[in-house]
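Enquirer: generate a structure from the sequence data that follows.
(chains A and B)
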Number of protein chains: 2
Amino acid sequence: MAKVRVHGFSLSLDGYAAGAGQDREHPLGRGGSKLHEWVFETRYGRRLRGLQGGTTSVDDVLVSARDEGIGATIMGRNMFGPVRGPWKTGEPWTGWWGSDPPYHHRVFVLTHHPRPPIEMEGGTTFSFVPTGILDALEQALAAAEGQDVLIGGGAATVRQYLAAGLVDEAHLVIVPVLLGSGERLFVSPQINDATYRCIEHVSTASVTHLRLERC
Amino acid sequence: MAKVRVHGFSLSLDGYAAGAGQDREHPLGRGGSKLHEWVFETRYGRRLRGLQGGTTSVDDVLVSARDEGIGATIMGRNMFGPVRGPWKTGEPWTGWWGSDPPYHHRVFVLTHHPRPPIEMEGGTTFSFVPTGILDALEQALAAAEGQDVLIGGGAATVRQYLAAGLVDEAHLVIVPVLLGSGERLFVSPQINDATYRCIEHVSTASVTHLRLERC
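Expert: Residues are numbered from 1 along each chain as shown, chains lettered A, B, ... in the order given. Have a look, this model is predicted:
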(Lines give C-alpha, C1' and ligand atoms only; values in the text may rest on other atoms or scores of the structure.)
Protein backbone atom coordinates (compact mmCIF):
# COMPACT_ATOMS: atom_id res chain seq x y z
CA MET A 1 0.00 0.00 0.00
CA ALA A 2 1.51 3.36 -1.03
CA LYS A 3 2.06 5.72 1.90
CA VAL A 4 1.93 9.47 2.25
CA ARG A 5 5.09 10.54 4.06
CA VAL A 6 6.77 13.57 5.55
CA HIS A 7 10.50 13.10 5.86
CA GLY A 8 13.39 14.96 7.47
CA PHE A 9 11.19 17.94 8.23
CA SER A 10 13.20 20.26 10.51
CA LEU A 11 11.81 22.39 13.33
CA SER A 12 13.63 24.70 15.69
CA LEU A 13 13.49 24.06 19.41
CA ASP A 14 10.83 26.77 19.65
CA GLY A 15 8.73 25.15 16.93
CA TYR A 16 9.53 27.06 13.73
CA ALA A 17 9.97 25.37 10.34
CA ALA A 18 11.31 28.55 8.74
CA GLY A 19 12.47 31.93 10.00
CA ALA A 20 10.55 35.19 9.63
CA GLY A 21 11.06 37.35 6.52
CA GLN A 22 11.21 34.74 3.74
CA ASP A 23 12.08 36.22 0.34
CA ARG A 24 14.17 35.49 -2.75
CA GLU A 25 17.43 36.19 -0.90
CA HIS A 26 16.34 34.34 2.24
CA PRO A 27 14.24 31.38 1.09
CA LEU A 28 14.21 29.95 4.62
CA GLY A 29 13.74 33.29 6.39
CA ARG A 30 15.99 34.85 9.01
CA GLY A 31 18.05 32.12 10.66
CA GLY A 32 16.13 29.43 8.80
CA SER A 33 19.22 27.93 7.16
CA LYS A 34 20.36 26.84 10.65
CA LEU A 35 17.54 24.29 10.51
CA HIS A 36 19.22 22.45 7.65
CA GLU A 37 22.92 22.57 8.57
CA TRP A 38 22.63 19.10 10.12
CA VAL A 39 21.65 17.69 6.70
CA PHE A 40 24.73 19.12 5.01
CA GLU A 41 26.99 17.46 7.57
CA THR A 42 25.77 14.05 6.38
CA ARG A 43 26.98 12.10 3.36
CA TYR A 44 23.47 12.39 1.89
CA GLY A 45 23.48 16.17 2.27
CA ARG A 46 26.97 16.58 0.84
CA ARG A 47 26.04 14.49 -2.19
CA LEU A 48 23.05 16.80 -2.78
CA ARG A 49 25.63 19.56 -3.11
CA GLY A 50 27.89 17.42 -5.29
CA LEU A 51 30.46 16.95 -2.52
CA GLN A 52 32.27 13.91 -1.16
CA GLY A 53 32.51 12.85 2.50
CA GLY A 54 30.08 13.61 5.32
CA THR A 55 28.89 11.67 8.35
CA THR A 56 27.38 8.22 7.86
CA SER A 57 25.74 7.68 11.25
CA VAL A 58 22.12 7.93 12.40
CA ASP A 59 21.48 11.38 10.90
CA ASP A 60 22.64 10.18 7.49
CA VAL A 61 20.69 6.94 7.66
CA LEU A 62 17.47 8.71 8.63
CA VAL A 63 17.70 11.64 6.23
CA SER A 64 18.68 9.52 3.24
CA ALA A 65 15.59 7.37 3.79
CA ARG A 66 13.74 10.42 2.44
CA ASP A 67 14.43 9.26 -1.10
CA GLU A 68 13.58 5.60 -0.61
CA GLY A 69 10.45 4.44 -2.37
CA ILE A 70 9.18 7.92 -3.21
CA GLY A 71 7.41 8.14 -6.57
CA ALA A 72 6.10 11.71 -6.44
CA THR A 73 6.39 14.85 -4.29
CA ILE A 74 3.91 17.54 -3.27
CA MET A 75 5.05 20.99 -2.21
CA GLY A 76 3.54 24.38 -1.50
CA ARG A 77 4.12 27.30 -3.82
CA ASN A 78 6.22 29.00 -1.14
CA MET A 79 8.63 26.08 -1.23
CA PHE A 80 8.73 26.18 -5.02
CA GLY A 81 9.65 29.84 -5.15
CA PRO A 82 9.24 33.41 -3.93
CA VAL A 83 7.05 34.52 -6.87
CA ARG A 84 3.52 35.52 -5.79
CA GLY A 85 0.22 36.09 -7.62
CA PRO A 86 -0.59 34.86 -11.14
CA TRP A 87 2.29 33.47 -13.20
CA LYS A 88 3.51 35.71 -16.00
CA THR A 89 3.45 34.35 -19.55
CA GLY A 90 6.85 32.79 -20.05
CA GLU A 91 7.53 33.04 -16.29
CA PRO A 92 11.24 32.29 -15.93
CA TRP A 93 11.11 30.94 -12.34
CA THR A 94 11.61 27.14 -12.36
CA GLY A 95 12.34 26.50 -8.68
CA TRP A 96 15.30 26.96 -6.34
CA TRP A 97 17.18 23.90 -7.55
CA GLY A 98 18.74 24.77 -10.91
CA SER A 99 18.24 22.83 -14.15
CA ASP A 100 18.40 19.33 -12.55
CA PRO A 101 16.34 19.39 -9.31
CA PRO A 102 17.02 16.58 -6.80
CA TYR A 103 13.59 14.97 -7.24
CA HIS A 104 13.83 12.93 -10.46
CA HIS A 105 10.09 12.31 -10.44
CA ARG A 106 6.87 14.31 -10.79
CA VAL A 107 6.45 17.19 -8.34
CA PHE A 108 3.01 18.70 -7.72
CA VAL A 109 3.07 22.35 -6.66
CA LEU A 110 0.00 23.65 -4.78
CA THR A 111 -0.95 27.08 -6.15
CA HIS A 112 -4.04 29.18 -6.75
CA HIS A 113 -2.77 30.02 -10.21
CA PRO A 114 -2.64 27.50 -13.10
CA ARG A 115 0.58 27.16 -15.09
CA PRO A 116 1.68 24.59 -17.70
CA PRO A 117 3.96 21.80 -16.43
CA ILE A 118 7.73 22.35 -16.59
CA GLU A 119 9.93 19.45 -17.62
CA MET A 120 13.37 19.75 -16.03
CA GLU A 121 16.52 17.71 -16.58
CA GLY A 122 16.96 14.44 -14.70
CA GLY A 123 13.33 13.35 -14.77
CA THR A 124 11.77 16.06 -12.59
CA THR A 125 8.54 17.59 -13.90
CA PHE A 126 6.78 20.36 -11.96
CA SER A 127 3.00 20.30 -12.31
CA PHE A 128 0.87 23.11 -10.87
CA VAL A 129 -2.33 22.15 -9.05
CA PRO A 130 -4.89 24.89 -8.38
CA THR A 131 -7.59 22.42 -7.27
CA GLY A 132 -6.61 21.80 -3.64
CA ILE A 133 -4.70 19.33 -1.49
CA LEU A 134 -6.96 16.33 -2.12
CA ASP A 135 -6.72 16.62 -5.88
CA ALA A 136 -2.97 17.12 -5.67
CA LEU A 137 -2.68 13.96 -3.58
CA GLU A 138 -4.80 11.98 -6.01
CA GLN A 139 -2.64 13.11 -8.92
CA ALA A 140 0.55 12.41 -6.98
CA LEU A 141 -0.57 8.90 -5.98
CA ALA A 142 -1.40 8.12 -9.60
CA ALA A 143 1.96 9.49 -10.78
CA ALA A 144 3.82 7.51 -8.10
CA GLU A 145 2.52 4.24 -9.57
CA GLY A 146 2.40 2.35 -6.28
CA GLN A 147 5.36 4.06 -4.66
CA ASP A 148 5.01 6.50 -1.74
CA VAL A 149 4.20 10.21 -1.99
CA LEU A 150 6.40 12.71 -0.16
CA ILE A 151 4.82 15.84 1.30
CA GLY A 152 7.92 17.99 0.87
CA GLY A 153 6.89 21.22 2.60
CA GLY A 154 6.76 23.93 3.60
CA ALA A 155 5.11 24.17 6.98
CA ALA A 156 1.68 25.27 5.71
CA THR A 157 1.51 22.36 3.28
CA VAL A 158 2.63 19.74 5.79
CA ARG A 159 0.22 21.18 8.37
CA GLN A 160 -2.73 20.97 5.97
CA TYR A 161 -2.05 17.33 5.11
CA LEU A 162 -1.52 16.43 8.79
CA ALA A 163 -4.68 18.25 9.86
CA ALA A 164 -6.65 16.40 7.20
CA GLY A 165 -5.26 13.11 8.52
CA LEU A 166 -3.77 12.32 5.12
CA VAL A 167 -0.17 11.76 6.25
CA ASP A 168 0.62 8.14 7.15
CA GLU A 169 3.96 8.83 8.81
CA ALA A 170 6.03 11.89 9.55
CA HIS A 171 9.72 12.11 10.41
CA LEU A 172 10.33 15.41 12.19
CA VAL A 173 13.69 16.71 13.31
CA ILE A 174 14.12 19.07 16.24
CA VAL A 175 17.20 21.22 15.73
CA PRO A 176 18.53 22.67 19.00
CA VAL A 177 18.37 26.34 17.97
CA LEU A 178 15.95 29.09 18.94
CA LEU A 179 14.71 31.11 15.95
CA GLY A 180 12.49 33.37 18.06
CA SER A 181 9.93 33.81 15.29
CA GLY A 182 8.92 32.36 11.94
CA GLU A 183 6.49 29.84 10.56
CA ARG A 184 5.18 27.20 12.97
CA LEU A 185 4.25 23.66 11.99
CA PHE A 186 1.96 23.12 14.98
CA VAL A 187 -0.73 25.78 15.04
CA SER A 188 -3.75 23.63 14.35
CA PRO A 189 -5.71 22.09 17.19
CA GLN A 190 -6.71 19.34 14.73
CA ILE A 191 -3.32 17.67 15.15
CA ASN A 192 -3.19 16.02 18.56
CA ASP A 193 -2.87 12.75 20.42
CA ALA A 194 -6.14 11.50 19.02
CA THR A 195 -4.86 11.76 15.44
CA TYR A 196 -1.08 11.24 15.64
CA ARG A 197 1.24 9.56 18.12
CA CYS A 198 5.00 9.76 18.44
CA ILE A 199 6.31 6.21 18.06
CA GLU A 200 10.04 6.92 18.23
CA HIS A 201 12.43 9.66 19.32
CA VAL A 202 16.20 9.61 19.30
CA SER A 203 18.85 12.27 19.82
CA THR A 204 22.12 12.41 17.93
CA ALA A 205 24.97 14.85 18.50
CA SER A 206 23.22 17.28 16.12
CA VAL A 207 19.45 16.92 16.42
CA THR A 208 16.53 14.91 17.80
CA HIS A 209 14.61 12.71 15.36
CA LEU A 210 10.90 12.01 15.99
CA ARG A 211 8.58 9.70 14.13
CA LEU A 212 4.83 10.32 14.13
CA GLU A 213 2.31 7.76 13.01
CA ARG A 214 -1.37 8.28 12.33
CA CYS A 215 -3.52 6.72 15.08
CA MET B 1 27.58 33.07 42.34
CA ALA B 2 23.92 32.15 42.88
CA LYS B 3 22.11 31.18 39.66
CA VAL B 4 18.57 31.59 38.47
CA ARG B 5 17.45 28.21 37.13
CA VAL B 6 14.56 26.54 35.36
CA HIS B 7 14.57 22.82 35.90
CA GLY B 8 12.69 19.81 34.52
CA PHE B 9 10.24 22.06 32.70
CA SER B 10 8.15 19.81 30.42
CA LEU B 11 6.83 20.74 26.98
CA SER B 12 4.79 18.66 24.56
CA LEU B 13 6.17 17.92 21.12
CA ASP B 14 3.97 20.70 19.77
CA GLY B 15 5.27 23.19 22.32
CA TYR B 16 2.69 23.31 25.10
CA ALA B 17 3.60 23.46 28.80
CA ALA B 18 0.00 22.82 29.89
CA GLY B 19 -3.17 21.74 28.17
CA ALA B 20 -6.16 23.98 27.43
CA GLY B 21 -8.93 24.38 30.03
CA GLN B 22 -6.97 24.60 33.28
CA ASP B 23 -9.18 24.63 36.38
CA ARG B 24 -9.36 23.22 39.92
CA GLU B 25 -10.12 19.71 38.64
CA HIS B 26 -7.56 19.91 35.81
CA PRO B 27 -4.64 21.94 37.17
CA LEU B 28 -2.56 21.06 34.09
CA GLY B 29 -5.38 21.43 31.57
CA ARG B 30 -6.69 18.80 29.16
CA GLY B 31 -4.02 16.18 28.62
CA GLY B 32 -1.49 18.22 30.60
CA SER B 33 -0.79 15.44 33.10
CA LYS B 34 0.81 13.45 30.24
CA LEU B 35 3.65 15.98 30.37
CA HIS B 36 4.62 14.82 33.85
CA GLU B 37 4.18 11.05 33.68
CA TRP B 38 7.90 10.64 32.91
CA VAL B 39 8.72 12.22 36.29
CA PHE B 40 6.58 9.76 38.20
CA GLU B 41 8.38 6.83 36.58
CA THR B 42 11.63 7.97 38.24
CA ARG B 43 12.77 7.27 41.78
CA TYR B 44 12.68 11.03 42.43
CA GLY B 45 9.09 11.29 41.22
CA ARG B 46 7.92 8.27 43.19
CA ARG B 47 9.48 9.66 46.37
CA LEU B 48 7.54 12.90 45.82
CA ARG B 49 4.43 10.72 46.06
CA GLY B 50 5.76 8.82 49.07
CA LEU B 51 6.42 5.67 47.03
CA GLN B 52 9.41 3.33 46.75
CA GLY B 53 11.09 2.19 43.54
CA GLY B 54 11.25 3.96 40.21
CA THR B 55 13.89 4.27 37.51
CA THR B 56 17.36 5.53 38.42
CA SER B 57 18.78 6.31 34.97
CA VAL B 58 19.27 9.60 33.10
CA ASP B 59 15.71 10.86 33.64
CA ASP B 60 16.04 10.38 37.40
CA VAL B 61 19.49 11.95 37.58
CA LEU B 62 18.40 15.02 35.62
CA VAL B 63 15.06 15.59 37.30
CA SER B 64 16.38 15.11 40.82
CA ALA B 65 19.01 17.80 40.15
CA ARG B 66 16.05 20.18 40.40
CA ASP B 67 16.37 20.18 44.18
CA GLU B 68 20.15 20.56 44.34
CA GLY B 69 21.37 23.86 45.67
CA ILE B 70 17.99 25.61 45.45
CA GLY B 71 17.36 28.09 48.27
CA ALA B 72 14.09 29.68 47.09
CA THR B 73 11.44 29.21 44.40
CA ILE B 74 9.38 31.65 42.34
CA MET B 75 6.07 30.63 40.78
CA GLY B 76 3.11 32.24 39.07
CA ARG B 77 -0.24 32.46 40.75
CA ASN B 78 -1.66 30.00 38.24
CA MET B 79 0.83 27.40 39.43
CA PHE B 80 -0.03 28.16 43.07
CA GLY B 81 -3.73 27.62 42.54
CA PRO B 82 -6.90 28.10 40.53
CA VAL B 83 -8.26 30.98 42.67
CA ARG B 84 -8.53 34.25 40.68
CA GLY B 85 -8.98 37.91 41.67
CA PRO B 86 -8.37 39.38 45.15
CA TRP B 87 -7.81 36.90 47.99
CA LYS B 88 -10.71 36.57 50.42
CA THR B 89 -10.07 37.30 54.10
CA GLY B 90 -9.15 33.96 55.60
CA GLU B 91 -8.73 32.48 52.07
CA PRO B 92 -8.45 28.73 52.64
CA TRP B 93 -6.40 27.93 49.47
CA THR B 94 -2.81 27.10 50.44
CA GLY B 95 -1.56 25.51 47.22
CA TRP B 96 -1.94 22.16 45.46
CA TRP B 97 0.53 20.31 47.65
CA GLY B 98 -1.19 19.62 51.00
CA SER B 99 0.12 20.66 54.42
CA ASP B 100 3.80 19.82 53.68
CA PRO B 101 4.68 21.11 50.18
CA PRO B 102 7.80 19.63 48.52
CA TYR B 103 9.76 22.90 48.60
CA HIS B 104 11.08 23.20 52.20
CA HIS B 105 12.20 26.78 51.57
CA ARG B 106 10.62 30.15 50.82
CA VAL B 107 8.37 30.27 47.76
CA PHE B 108 7.50 33.61 46.16
CA VAL B 109 4.16 33.67 44.35
CA LEU B 110 3.67 36.35 41.66
CA THR B 111 0.21 37.90 42.05
CA HIS B 112 -1.52 41.22 41.50
CA HIS B 113 -3.19 40.84 44.90
CA PRO B 114 -1.33 41.11 48.23
CA ARG B 115 -1.82 38.41 50.84
CA PRO B 116 0.03 37.70 54.12
CA PRO B 117 2.65 34.93 53.97
CA ILE B 118 1.57 31.37 54.77
CA GLU B 119 3.88 29.18 56.81
CA MET B 120 3.42 25.53 55.92
CA GLU B 121 4.86 22.40 57.52
CA GLY B 122 8.34 21.25 56.54
CA GLY B 123 9.88 24.68 56.13
CA THR B 124 7.91 25.97 53.12
CA THR B 125 6.60 29.55 53.40
CA PHE B 126 4.53 31.05 50.60
CA SER B 127 5.04 34.81 50.18
CA PHE B 128 2.90 36.82 47.77
CA VAL B 129 4.63 39.43 45.61
CA PRO B 130 2.45 42.02 43.85
CA THR B 131 5.44 44.16 42.80
CA GLY B 132 6.63 42.33 39.68
CA ILE B 133 9.17 39.77 38.54
CA LEU B 134 12.27 41.82 39.35
CA ASP B 135 11.22 42.47 42.94
CA ALA B 136 10.25 38.81 43.37
CA LEU B 137 13.69 37.77 42.12
CA GLU B 138 15.44 40.19 44.47
CA GLN B 139 13.46 38.85 47.42
CA ALA B 140 14.10 35.25 46.36
CA LEU B 141 17.85 35.78 45.94
CA ALA B 142 17.99 37.33 49.42
CA ALA B 143 15.97 34.47 50.91
CA ALA B 144 18.17 31.87 49.16
CA GLU B 145 21.24 33.16 51.02
CA GLY B 146 23.73 32.37 48.28
CA GLN B 147 21.97 29.30 46.94
CA ASP B 148 20.23 29.22 43.54
CA VAL B 149 16.70 30.40 42.80
CA LEU B 150 14.33 28.09 40.93
CA ILE B 151 11.78 29.59 38.53
CA GLY B 152 9.20 26.88 39.10
CA GLY B 153 6.55 27.79 36.52
CA GLY B 154 4.11 27.95 34.91
CA ALA B 155 4.78 28.83 31.31
CA ALA B 156 3.93 32.53 31.62
CA THR B 157 6.31 32.96 34.56
CA VAL B 158 9.19 31.07 32.94
CA ARG B 159 8.63 32.98 29.69
CA GLN B 160 8.78 36.36 31.44
CA TYR B 161 12.04 35.54 33.20
CA LEU B 162 13.57 34.12 29.99
CA ALA B 163 12.44 37.13 27.92
CA ALA B 164 13.99 39.47 30.50
CA GLY B 165 17.26 37.51 30.24
CA LEU B 166 17.15 36.74 33.95
CA VAL B 167 17.43 32.95 33.73
CA ASP B 168 21.00 31.64 33.82
CA GLU B 169 20.19 28.10 32.73
CA ALA B 170 17.08 26.21 31.77
CA HIS B 171 16.54 22.47 31.62
CA LEU B 172 13.59 21.79 29.32
CA VAL B 173 12.08 18.39 28.62
CA ILE B 174 10.30 17.54 25.39
CA VAL B 175 7.69 14.88 26.00
CA PRO B 176 6.73 13.00 22.82
CA VAL B 177 3.02 13.71 22.95
CA LEU B 178 0.86 16.11 20.94
CA LEU B 179 -1.51 18.15 23.11
CA GLY B 180 -2.97 20.06 20.15
CA SER B 181 -3.62 23.20 22.20
CA GLY B 182 -2.73 24.78 25.52
CA GLU B 183 -0.22 27.22 26.92
CA ARG B 184 3.00 27.71 24.94
CA LEU B 185 6.38 28.49 26.47
CA PHE B 186 7.82 30.01 23.30
CA VAL B 187 5.64 32.87 22.13
CA SER B 188 8.00 35.73 22.67
CA PRO B 189 10.34 36.86 19.90
CA GLN B 190 12.68 38.12 22.64
CA ILE B 191 13.88 34.57 23.29
CA ASN B 192 16.14 33.53 20.43
CA ASP B 193 19.63 32.48 19.44
CA ALA B 194 21.01 35.87 20.41
CA THR B 195 19.88 35.44 24.02
CA TYR B 196 19.91 31.68 24.69
CA ARG B 197 21.70 28.72 23.16
CA CYS B 198 21.05 25.03 23.55
CA ILE B 199 24.24 23.51 24.97
CA GLU B 200 23.05 19.92 25.38
CA HIS B 201 20.29 17.62 24.19
CA VAL B 202 19.80 13.97 24.98
CA SER B 203 16.95 11.53 24.42
CA THR B 204 16.00 8.79 26.83
CA ALA B 205 13.35 6.13 26.30
CA SER B 206 10.77 8.57 27.71
CA VAL B 207 11.70 12.13 26.74
CA THR B 208 14.33 14.47 25.30
CA HIS B 209 16.24 16.67 27.74
CA LEU B 210 17.56 20.06 26.57
CA ARG B 211 19.76 22.51 28.39
CA LEU B 212 19.67 26.22 27.50
CA GLU B 213 22.29 28.67 28.67
CA ARG B 214 22.17 32.45 28.47
CA CYS B 215 24.53 33.77 25.75
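Enquirer: how about the secondary structure of the residue most central in space within chain A?
Expert: For chain A, the residue lying nearest the average C-alpha position, counting by Cα atoms, centre = their mean, turns out to be A:Gly152 (2.4 Å). Applying DSSP: H, G, I helix; E, B strand; the rest coil to A:Gly152 yields a three-state assignment of strand.
Enquirer: enumerate the residues of chain A near chain B.
Expert: A:13-15, A:31, A:34, A:174, A:176-181, A:184, A:186, A:188-198, A:201-203, A:207-208, A:210, A:212 (Cβ under 8 Å from any Cβ of the partner chain). (Glycine included, C-beta is placed from N, CA and C.)
Enquirer: which residue ranges form the helices in chain A?
Expert: Per DSSP state H, chain A has helices spanning A:37-40, A:43-48, A:58-64, A:77-80, A:133-144, A:155-163. These are given in chain order.
Enquirer: follow-up on the earlier one: thinking the residue nearest to the centre of chain A is in contact with A:Thr73, fair?
Expert: Yes. With contact defined as Cβ atoms under 8 Å, A:Gly152 reaches A:Thr73; the gap is 4.8 Å.
Enquirer: now for those two: what residues contact both?
Expert: A:Val107 (Cβ atoms under 8 Å, 6 or more residues apart in numbering or on different chains).
Enquirer: surely A:Trp38 touches A:Ser206?
Expert: Yes. Counting by Cβ under 8 Å, A:Trp38 sits close enough to A:Ser206 to count as a contact (4.2 Å).
Enquirer: about what we covered before: drop anything exposed from the residues of chain A next to chain B.
Expert: A residue is treated as buried here by neighbour count (16 or more other Cβ atoms under 10 Å in any protein chain shown); on that basis the buried members of those are A:13-15, A:31, A:34, A:174, A:176-181, A:184, A:186, A:188, A:191-193, A:195-198, A:201, A:203, A:207-208, A:210, A:212.
Enquirer: who's in contact with A:Glu37?
Expert: Contacts for A:Glu37 were tallied using Cβ under 8 Å, 6+ apart; they are A:Val175.
Enquirer: so what pLDDT did it get?
Expert: A:Glu37 carries a pLDDT score of 96 in this model.
Enquirer: what's the separation between it and chain B?
Expert: In this structure, A:Glu37 and chain B are separated by 13 Å, where distance is defined by Cβ to the nearest Cβ, to the nearest Å.
Enquirer: how close does that residue sit to A:Val175?
Expert: A:Glu37 is 8 Å from A:Val175, where distance means Cβ to Cβ, to the nearest Å.
Enquirer: so A:Arg30 sits against A:Ala18, correct?
Expert: No. No contact is recorded between A:Arg30 and A:Ala18 when judged using Cβ under 8 Å, the distance being 9.2 Å.
Enquirer: below-threshold pLDDT in chain A: ranges please.
Expert: For chain A, not a single residue meets the criterion pLDDT under 70.
Enquirer: can you show me the strands along it?
Expert: Shown for chain A, the strands assigned by DSSP state E span residues A:4-12, A:16-18, A:70-76, A:106-110, A:118-119, A:125-129, A:148-153, A:169-175, A:183-184, A:196-203, A:208-214.
Enquirer: what is the burial count for A:Val58?
Expert: The number of residues packed around A:Val58, counting by other Cβ atoms under 10 Å in any protein chain shown, is 16.
Enquirer: meant to ask about A:Val63
Expert: So A:Val63, with other Cβ under 10 Å, has 24 neighbours.
Enquirer: next one: A:Pro117
Expert: Neighbour count of A:Pro117, defined by other Cβ under 10 Å: 12.
Enquirer: which residues does the closest residue to it other than its chain neighbours form a beta bridge with?
Expert: In space, A:Pro117 comes closest to A:Ser127 once its chain neighbours are excluded; the distance is 4.6 Å by Cβ to Cβ, 6 or more residues apart in numbering or on different chains. Going by DSSP bridges, A:Ser127 is paired in beta bridges with A:Phe108.
Enquirer: now for A:Ser127: which residues touch it?
Expert: When contacts are counted by Cβ under 8 Å, 6+ apart, A:Ser127 is found next to A:Arg106, A:Val107, A:Phe108, A:Val109, A:Pro117, A:Gln139.
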